[in-house]
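Visitor: fold the following for me, if possible:
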Amino acid sequence: MRAHAHPSRLVILGHPVAQSLSPIFQNAALADAGFAQRYTALDVAPNALAGTLRLLATENVGGNVTMPHKQAVFLAADRTSALAARVGSVNTFWHEDGALVGHNTDVAGILATLRALCPTGVRDAQCTLLGAGGSAAAVFVALDELGCRNIRVWARTASRAELVAERVRVNISVFENVEEAVQGSGLVINATPIGMLDNAVPIAPALLPPHAVVFDLVYRPGTTPWVRHARSQGLRADDGLRMLIEQGAEAFRTWFSAEPSTDIMWRAIDAHAVT
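Guide: Here you go, the predicted model:
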């Protein structure tokens, strides 16, 4: 899905949103590609979202959506891509003739990360997802696209996981015990906020199978505690930064029908990390 016309400018909508890295790498990519548009963070409280979207429509603004607005923008959109409809959330948007168009590029970010972590694929692997929150649907869709048919889920609310899987048409097995859920798994994905603000981990890497690959959707400067511990145990592991950049690259393609430089994006993030 592609925008029919370039947005006049770009924003990321969230609350809070000051910590977002998207303006850093998107502005670097825009400058490298020769586009005049600039990308800024826009902190929008939930009760101000509807009015903000109406204002952005008058200015033909596009952009991204982060917590806690992804589902709300999905519901507010006049049109959505088939992928956004399946996932049930919008993280990329633009306007066409005043109409709000919603798309989802989170799946593309997850796919890129999984392909980098698991170059031989996950078709025959047992995969375990920890958590059934807002990112679960995108993870399910990505795993389904990669041909994974053995998906386990550990979640505090089993019924929520089952509802999400049913909506996106993916079969899962739900476990109440996290250690049982990861037994024998070749891929373990953290979709909980554990480790976002402290040094907690969703499960000790020592309890994972020795062949397990770890993917933490959380990202932090210097990576997350779970990824650090997993790597210290000799496991292949990555955090959510690649997912963030790759979903941003796919969003860039939808806005401009042009290929951004992911190398430039990574360099901008690396430069920001040392400042």
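Visitor: correct me, but residue 26 touches residue 248?
Guide: Yes. Contact between residue 26 and residue 248 holds when scored by C-beta atoms under 8 Å: they sit 5.9 Å apart. For every residue, glycine as well, the C-beta is placed using N, CA and C.
Visitor: residues shared between the contacts of these two?
Guide: By C-beta atoms under 8 Å, 6 or more residues apart in numbering, residue 26 and residue 248 have these common neighbours: residue 265.
Visitor: ok, and what's touching the helix or strand hosting residue 246?
Guide: Residue 246 belongs to helix 241-256 when elements are defined using DSSP states H and E. Identification of contacts with helix 241-256 by C-beta under 8 Å, 6+ apart yields 1-3, 6-7, 10, 21-22, 25-26, 29, 33, 35, 62, 64, 91-92, 94, 103, 105-106, 108-113, 116, 217, 219, 223, 258-260, 262, 265-266, 269.
Visitor: of those, just the buried ones, ChimeraX syntax please.
Guide: Of the contacts of helix 241-256, the buried ones can be selected in ChimeraX as follows, counting by 16 or more other C-beta atoms under 10 Å:
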select :1,3,6,7,10,21,22,25,26,29,35,62,64,91,92,94,103,105,106,108,109,110,111,112,113,217,219,223,260,262,265,269
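Visitor: so which of the contacts of helix 241-256 sit within helices?
Guide: Under the assignment DSSP state H, those contribute 22, 25-26, 29, 33, 106, 108-113, 116, 262, 265-266, 269 to helices.
Visitor: could you give the angle of the helix holding residue 246 to helix 106-117?
Guide: For helix 241-256 against helix 106-117, the angle by axes from the mean of the first three to the mean of the last three C-alpha atoms, to 10 degrees is 130 degrees.
Visitor: what comes up buried for helix 241-256?
Guide: Neighbour counts over helix 241-256 (16+ other C-beta under 10 Å) mark 241-256 as buried.
Visitor: now, which of these sits nearest residue 139?
Guide: The closest of the buried residues of helix 241-256 to residue 139 turns out to be residue 243 (C-beta to C-beta; 10.1 Å).
Visitor: quick check: end-to-end length of stretch 198-215?
Guide: By C-alpha to C-alpha, to the nearest Å, the extent of stretch 198-215 from end to end equals 18 Å.
Visitor: give me the neighbour count for residue 222.
Guide: By the criterion of other C-beta atoms under 10 Å, residue 222 has 10 neighbours.
Visitor: okay, it: pLDDT?
Guide: In this model, residue 222 is scored at 90, pLDDT.
Visitor: list the contacts of the residue nearest the centre of the chain.
Guide: Nearest residue to the geometric centre of the chain (C-alpha atoms, centre = their mean): residue 106, 3.9 Å. By C-beta under 8 Å, 6+ apart, the residues touching residue 106 are 87, 89, 91, 135, 138, 243, 247.
Visitor: kindly report the same for residue 160.
Guide: Residue 160 neighbours (C-beta under 8 Å, 6+ apart): residue 132.
Visitor: cool, residue 218 as well?
Guide: Taking C-beta under 8 Å, 6+ apart, we find residue 218 in contact with 190, 193, 194, 195, 196, 224, 226, 239, 240.
Visitor: how about residue 176?
Guide: Residue 176 sits in contact with 154, 158, where contact means C-beta under 8 Å, 6+ apart.
Visitor: what score does it have for pLDDT?
Guide: 90.
Visitor: next one: it from residue 153, what distance?
Guide: Per C-beta to C-beta, to the nearest Å, residue 176 is found 10 Å from residue 153.
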